[in-house]
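Trainee: pasting the sequence and the predicted coordinates here, then a few questions.
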Amino acid sequence: MITGPSLPTVDAVALLLLVRHGHSTANADAVLAGWSEGVGLTDRGRTDVGRLASRLTDAGTDVARLVTSPLQRCRETASLLLPGASAEVVDDLGECHYGAWTGRPIAELVSEPLWRTVQDDPSTARFPDSEHYAAESLAEMAERITSTVRRIDAEVEAERGPDAVWVAVSHGDPIKAVLADAMGAGLAGLQRVHVDPASVSVVRWSGGRSMVMAVNSSGGAIRTHQGAAKDVPAGDNTIGGGTG
């Protein structure tokens, strides 16, 4: 887990803070929650989200828009993260539709042949159909979540200006998909990214280029007002690294 001293950001474009929901009852029970009903935060989850909320407060972050998955654990996280703020529920920020895998113990799933496909070739993985839960492929999930965050990011920048900061509360696999896409790795990089409950990752888009500013951060200051590098075209990264 990355717990560095700060989360570097720039003022050049709208900035997305991707927050995974806090530790849930399904996390505690080691089951794949998916779209199961009644999966809320544990005491640990509420405490961890409270710490993240304090980091946002300490940063003086003016959040232009707060959006969340419709699932209970994310809605609870959003309400604790920014108390009093109105969180917009966006269905397409929801968890992957795991179909017949929904609600099953992880210890059982690791012995399924599909598990290896999910790990080694996620672009071809599709979850089994179920009478009770929708099923989709990881590719369908990735397209759903990445197109949604890019659309909202463009809306936020158009409505609130290029220095706007917005927050999306979602789930592990969807957040990993956004980060892998932003890194240019696509689904091939999905399992090379790790995000913990109540962690924050930071992404920005500029000039047709995406930049991942932080991944899986659970400590340190969140800085959301840092000047852009001088003499660098929009969307370009600084040779040699950022100037801090």
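Mentor: Happy to help now that I have it.
Trainee: going by C-alpha atoms from here, please, whenever you check contacts or count neighbours.
Mentor: OK.
Trainee: show me what the mean pLDDT comes to for the top strand by length along the chain.
Mentor: Ranked by residue count, the top strand of the chain under DSSP state E comes out as strand 209-217. Taken as a whole, strand 209-217 has an average pLDDT of 92.
Trainee: what comes up buried for that strand?
Mentor: For strand 209-217, the neighbour count (16 or more other C-alpha atoms under 10 Å) marks 210, 211, 212, 213, 214, 215, 216, 217 as buried.
Trainee: for it, which helices and strands make contact with it?
Mentor: For strand 209-217, the elements it packs on are strand 6-7, helix 172-182, strand 200-206, judged by 3 or more C-alpha pairs under 8 Å, 6 or more residues apart in numbering; DSSP states H and E.
Trainee: quick one: strands adjacent to the very next helix or strand once past the first one?
Mentor: Beyond strand 6-7 in the direction of the C-terminus, DSSP states H and E gives the next helix or strand as strand 15-20. Note on strand 15-20: by DSSP bridges, its sheet partners are strand 165-170 (parallel), strand 200-206 (antiparallel).
Trainee: and these, which one's lowest on average pLDDT?
Mentor: Taking the mean pLDDT of these, strand 200-206 comes last: a mean of 92.
Trainee: can you state the direction angle for that one and helix 172-182?
Mentor: Per axes from the mean of the first three to the mean of the last three C-alpha atoms, to 10 degrees, the angle that strand 200-206 makes with helix 172-182 is 30 degrees.
Trainee: and strand 200-206, how far from the chain's centre?
Mentor: Relative to its chain's centre, strand 200-206 lies at 10 Å (C-alpha atoms, centre = their mean, to the nearest Å).
Trainee: quick check: residue 24 touching residue 34?
Mentor: No - with contact defined as C-alpha atoms under 8 Å, residue 24 does not count as touching residue 34 (11.8 Å).
Trainee: ok, back up a step: got the helices and strands packed on strand 209-217 as a markdown table, with mean neighbour count and distance to residue 161 columns?
Mentor: A markdown table is the format used below for the helices and strands packed on strand 209-217 (neighbours: other C-alpha atoms under 10 Å; distance: least, C-alpha to C-alpha, whole Å):
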| stretch | mean neighbour count | distance to residue 161 |
| --- | --- | --- |
| strand 6-7 | 16 | 21 |
| helix 172-182 | 24 | 21 |
| strand 200-206 | 21 | 13 |
